[in-house]
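A.B. asks: Whatever this is, show me its structure:
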Amino acid sequence: MNIFLAFIWLTLTQKFRLDEFAFGYLAGYLVIWFTHRNTPSKPKYVTIVPKAAAFASLFVKEVVKGSLRVGLDILRSKPHIRPGIVAVPLDARTDFEIATLASFITLTPGTTSLAVSDDRTVLYVYNVYLSENEQDTIEEIKNGLEKKLLEVLR
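C.D. replies: Numbers count the residues shown, from 1 in each chain. Got it, this is the predicted structure:
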């Protein structure tokens, strides 16, 4: 429905550009949200868009932070790395949730997903910048990417 409203916007403005489509998409979402704002059971689409936006902004922040950290370490004469592998207990249960989380962790500079335990409850992650306390690194993944991703997927 939202994409349909965005195309209606493009047709009305007769400007077939990406920025006009994005504006039409946002306007369409706001119309859909406005019509369902007081209903007790909102359609999943109305609630998932803000969660997806929050996840996307967190992921972009993590990519920028990781890129800057790795880039600065490349320029230093003595890098401040502390590599290691951590076992992250998973709240993700399905293959899709686990694979998606592992992919996003791998896309973040300085981290790589290595393996999943046989019982699919632990994800092993290589991190170039482990905290002094290994638990802090685990909590950063669990309360960051995994939590926000599962809000979007569930």
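
A.B. asks: Residue 1: how many residues sit nearby?
C.D. replies: Using other Cβ atoms under 10 Å, the number of residues around residue 1 comes to 11. C-beta coordinates here come from the backbone N, C-alpha and C atoms, glycine included.

A.B. asks: now it, nearest residue through space, not along the chain?
C.D. replies: If you skip the residues right next to it in sequence, residue 1 has residue 32 as its closest partner in space, 6.4 Å away by Cβ to Cβ, 6 or more residues apart in numbering.

A.B. asks: Return the per-residue confidence for the residue nearest the centre of the chain.
C.D. replies: For the chain, the residue sitting closest to the mean C-alpha position, by Cα atoms, centre = their mean, is residue 55 at 3.9 Å. Listed pLDDT for residue 55 reads 97.

A.B. asks: Look up how far residue 148 lies from it.
C.D. replies: Residue 55 sits 4 Å away from residue 148, going by Cβ to Cβ, to the nearest Å.

A.B. asks: ok, back up a step: list the contacts of the residue nearest to the centre of the chain.
C.D. replies: With contact taken as Cβ atoms under 8 Å, 6 or more residues apart in numbering, residue 55 is in contact with 148-149, 151-152.

A.B. asks: try 7 Å
C.D. replies: By Cβ atoms under 7 Å, 6 or more residues apart in numbering, the contact set of residue 55 is 148-149, 152.

A.B. asks: domains of the protein?
C.D. replies: Domains of the chain are assigned by automatic domain parsing as 2-36, 45-153.

A.B. asks: so how far is the first residue of the first one from its last?
C.D. replies: Separation of the first and last residues of domain 2-36 by Cα to Cα, to the nearest Å is 14 Å.

A.B. asks: which SSE is residue 61 in?
C.D. replies: Assigned by DSSP states H and E, residue 61 belongs to helix 44-75.

A.B. asks: Make sure residue 144 is indeed in a helix.
C.D. replies: Yes. Counting by DSSP: H, G, I helix; E, B strand; the rest coil, one finds residue 144 located in a helix.
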